[in-house]
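> structure, please.
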Amino acid sequence: MPNKKSLLTLAALLLVLTAIVSACGSNNSKGSSTSANKAESTAAPAATDAPQAEEQFRTYKTDKGDVQIPVKPQRIVTDYYGGELLSVGANVVGVEPTTFDNPFLKDLLKDAKEVGAPADPEKTLDLKPDLIVVMYDENYEALSKIAPTIHIPYGTTSNISEAVKLFGDIVGTPEKADEFLANFDKKAAEGREKLKGIIDENATFGLYELTDKGELWVFGDNAGRGGQAVYNALGLKMPEKISADKATTQLSLEVLPDYAADYMFLTTYDPEKKGEEIGKLKNSPVWKNLDASKNNTIFYNDFDTFYRYDPIAITGQIDMIVDMLIARSEENKK
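Have a look, this model is predicted:
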């Protein structure tokens, strides 16, 4: 049987061993906790903050330099690109005033506000946009302090396909751009089919405009007035004189016969609705002696309807042009 001294020694030894084991366990526990905290602290920004920032913004190159824009903008203010943005599903909250006169966009702009032309910074600020897209850059610096601002100068795109793809990229909806263009191509093909047997394949088509100052202009395929619908979608022919220079050209009345077509579409810019200049034109010997005048193939088109050249307007103009050509053909048969 162990004596008292041996028992005391053994007890003391056990106490020392217990203390050592407890200390080691405590240290190991603290080390695990610290390592876990470090891993969590490092992972958190990588898993949330950093990727989230990458998903929210991207670099977009412009003539003003690189701009950080939202990947999926939710509230867009623009001056003259309302139709382009709406064609790819954007939420347009502000546009320049005359956009509301566009008959093809009215129903799509019920909740939008006018921001002036050029876009007014104060009106724009009130709409809390996360992206601003402008054709004109007068207020660019002030606007760019409100939200990321992209300047796309007039004439950046030359046809509907380029325009829709460009804005589908800006808005982050390339699939909607593809869908829109597929529907456009389908409508154009249907329009061409309807005109078979109605329009001579060699017939020429011209687009003209008269202003309230008596100026007369002829238009190519990318300046509104139905050009993209007539020439690009429906594949109708330009007069040779116009096709030599597809840009907008001012004419004198005396040279108009050189630019005349078998079918002539005339818009009249007459904001005060005076009707004086169109009256003079219709009564002029030059106008009366045009083949299109004699054959009843001149069409007097509404300015607000055919001035427009956004993708939605162009698509709508296809049906209008096809319908008016078919109706006039039936009328001229009587």
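
> list the contacts of residue 203.
Applying CB atoms under 8 Å, 6 or more residues apart in numbering, we find residue 203 in contact with 236-237, 262-263. Backbone N, C-alpha and C define where each C-beta goes, glycine included.

> check residue 200 too.
Counted by CB under 8 Å, 6+ apart, residue 200 has contacts residue 262.

> in which helix or strand would I find it?
Using DSSP states H and E, residue 200 sits in no helix or strand.

> gap between it and residue 327?
Taking CB to CB, to the nearest Å as the measure, residue 200 falls 17 Å from residue 327.

> got it, and residue 171?
Per CB to CB, residue 171 is found 37 Å from residue 327.

> which one's more surrounded, these two?
Neighbours per residue, other CB atoms under 10 Å: of residue 171 and residue 327, the larger number sits with residue 171, 26 against 10.

> now for that one: which residues touch it?
72-73, 76, 85, 88-90.

> then residue 233?
When contacts are counted by CB under 8 Å, 6+ apart, residue 233 touches 160, 184, 187-188, 191, 314, 318.

> just residue 86 next, same as before
By CB under 8 Å, 6+ apart, residue 86 lies in contact with 92, 105, 108-109, 310, 312.

> does it count as helix, strand or coil?
Judged by DSSP: H, G, I helix; E, B strand; the rest coil, the three-state class of residue 86 is helix.

> cool, and residue 280?
Per three-state DSSP, residue 280 ends up helix.

> pLDDT wise, what is it at?
With respect to pLDDT, residue 280 scores 95.

> can I assume it is in contact with residue 214?
Yes. Assessed by CB atoms under 8 Å, residue 280 is found in contact with residue 214 at 7.1 Å.

> about what we covered before: PyMOL command for the buried members of the contacts of residue 171?
In PyMOL, this line selects whichever of those come out buried by 16 or more other CB atoms under 10 Å:
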select buried, resi 73+76+85+88+89+90
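
> domains in the chain, by residue range?
65-172, 190-333 (automatic domain parsing).

> okay, these, which one's buried deepest?
Most buried of those by mean neighbour count (mean count of other CB atoms under 10 Å) is domain 65-172; its value is a mean of 19.

> which other residues reach stretch 130-140?
Stretch 130-140 has contacts (CB under 8 Å, 6+ apart) with 64, 69-70, 73-81, 85, 117-121, 124, 143-144, 146-154, 170.

> end-to-end on stretch 237-257?
17 Å (CA to CA, to the nearest Å).

> just for the stretch 1-150 of the chain, where's the confidence low?
Applying pLDDT under 70 to the stretch 1-150 of the chain picks out residues 1-55.

> for it, what spans make up the strands?
Ranges of strands in the stretch 1-150 of the chain, per DSSP state E, counting those that start in this stretch, are 57-62, 65-70, 76-78, 92-95, 113-114, 131-134, 149-151.

> save these as TSV, and put in distance to residue 331 too.
Listed next are the strands of the stretch 1-150 of the chain as TSV, based on distance: least, CB to CB, whole Å:
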stretch	distance to residue 331
strand 57-62	50
strand 65-70	51
strand 76-78	41
strand 92-95	38
strand 113-114	40
strand 131-134	43
strand 149-151	47
